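*Asks:* next input, structure requested:
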Amino acid sequence: MRKAFIQLHIAVLLAGLTGILGRLITLNEGWLVWWRLLFASVTMWILFGFMKRLQKISRADMIQIMGIGVIAALHWVSFFGSIKYANVSVALVCFSAVGFFTAIFEPLVTRHRFNLIDIVLGLVVMIGIYIIFHFDAQYKIGIAIGIVSAMLGALFPIFNRQLLQRMNAETLITYELSAGWLSLCLILPFYFQLSPASYYMPTNADWAWLLVLAWLCSVWAFQLSANALKKISAFTVNLSYNLEPVYGIILAFIIFKENEYLRPEFYLGLVLIIGSVVVQTYRVYRSRRKW
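*Replies:* Okay, here's the model as predicted:
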């Protein structure tokens, strides 16, 4: 059990590290995600194929996976774009809005009733982001892109839950990343009309960081989470991933000294966001215990 918890928190820490790598890699956000998905999907085809974890899927599921892959790819492009136009801390704060958009989108997709408390807690997060936006106008473009990223980031897990009832996680993520890469091959020429890239080939340092992003933060993090699930409940795993933005912001403070460039209003907004996450975590924990 102890080993499983260590594996889980390494996976969460690796997830938080993606923001740091997004700043270290000098590529335009479009090319960054294109290379990341290429490395990760090829690795997964080889690794999971060798492990015989890849299942055959129907044409209907393939079409749905392709659509989700497009959403996931655009989510990552906008997430790294938020880092490029603002910084790691601001992008991760915006990422916290995923809970609010999930509270809106999930009932619409699953045709369930809206949960008023979830929406209120999500609004608290949005107020925190607004406070940062209102007082730190220098980050307004990065914040706007980050909000788009949060909206997209709320959608694809909702659809994934439905597909995971019919296939294993290895099959889903391998096909999904591949579909995301293929979609970027079609989308990027149009995207670069709006956000031109000065170059498309990674530098020597970029190659190293991209491999870390693809192999450690994607493939290995997935394997660690899967191994942890053998000993720990899915509830505990999902709850632990609430720490991802916190880990990422702490790393940004340590590595890039971003705390020296952030105004006090950032911390006021951050307190509201963390408070909302803590309350939501406590609510889920209590309901789980009652169940």
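
*Asks:* which one is residue 43 nearest to, not counting chain neighbours?
*Replies:* residue 219 (5.2 Å; C-beta to C-beta, 6 or more residues apart in numbering). Backbone N, C-alpha and C define where each C-beta goes, glycine included.

*Asks:* from what I can see the one you found touches residue 42, true?
*Replies:* No. Using C-beta atoms under 8 Å, residue 219 makes no contact with residue 42, being 10.2 Å away.

*Asks:* I'd like the next helix or strand past the helix or strand bottoming out on mean pLDDT in the chain.
*Replies:* Least confident helix or strand, the chain: helix 234-240 with a mean of 60, by mean pLDDT, DSSP states H and E. As assigned by DSSP states H and E, the chain's next helix or strand after helix 234-240 is helix 244-256.

*Asks:* residue ranges with poor pLDDT in the stretch 101-250 of the chain?
*Replies:* Within the stretch 101-250 of the chain, the stretches with pLDDT under 70 are 135-136, 229-230, 232-240, 242.

*Asks:* which residues of it fall in helices?
*Replies:* For the stretch 101-250 of the chain, helices defined by DSSP state H, counting those that start in this stretch occupy the ranges 116-135, 140-163, 169-194, 204-211, 221-229, 234-240, 244-256.

*Asks:* how about the ones you listed, which one is nearest residue 89?
*Replies:* In terms of C-beta to C-beta, the element of those nearest to residue 89 is helix 244-256, at 5.0 Å.

*Asks:* packing partners for the very next helix or strand once past that closest one?
*Replies:* Counting by DSSP H and E, the element after helix 244-256 in chain order, helix or strand, is helix 264-290. Packing contacts for helix 264-290, counted by 3 or more C-beta pairs under 8 Å, 6 or more residues apart in numbering; DSSP states H and E, involve helix 88-95, helix 98-110, helix 116-135, helix 234-240.

*Asks:* at 10 Å what do you get?
*Replies:* For helix 264-290, the packing partners by 3 or more C-beta pairs under 10 Å, 6 or more residues apart in numbering; DSSP states H and E come out as helix 88-95, helix 98-110, helix 116-135, helix 234-240, helix 244-256.

*Asks:* mind listing residues that contact the last one?
*Replies:* The set of residues external to helix 244-256 that reach it, using C-beta atoms under 10 Å, 6 or more residues apart in numbering, is 9, 11-20, 22-24, 83, 87-96, 98, 241, 243, 258-260, 262, 266, 270, 273-274, 277.

*Asks:* which pLDDT value goes with the nearest residue to residue 123 once chain neighbours are set aside?
*Replies:* Spatial nearest neighbour of residue 123, excluding adjacent residues (C-beta to C-beta, 6+ apart): residue 100 at 6.6 Å. On pLDDT, residue 100 comes in at 82.

*Asks:* you'd agree residue 100 is up against residue 126?
*Replies:* Yes. Using C-beta atoms under 10 Å, residue 100 is in contact with residue 126, at 5.7 Å.

*Asks:* between those two, which is the more surrounded one?
*Replies:* Neighbour count, other C-beta atoms under 10 Å: between residue 100 and residue 126, residue 100 has more, with 24 against 21.

*Asks:* where's that one relative to residue 79, distance?
*Replies:* 16 Å (C-beta to C-beta, to the nearest Å).

*Asks:* coming back round to it: give the contact list for the residue nearest to residue 123.
*Replies:* So residue 100 contacts 118-126, 129, 147, 150-151, 154, 276 (C-beta under 10 Å, 6+ apart).
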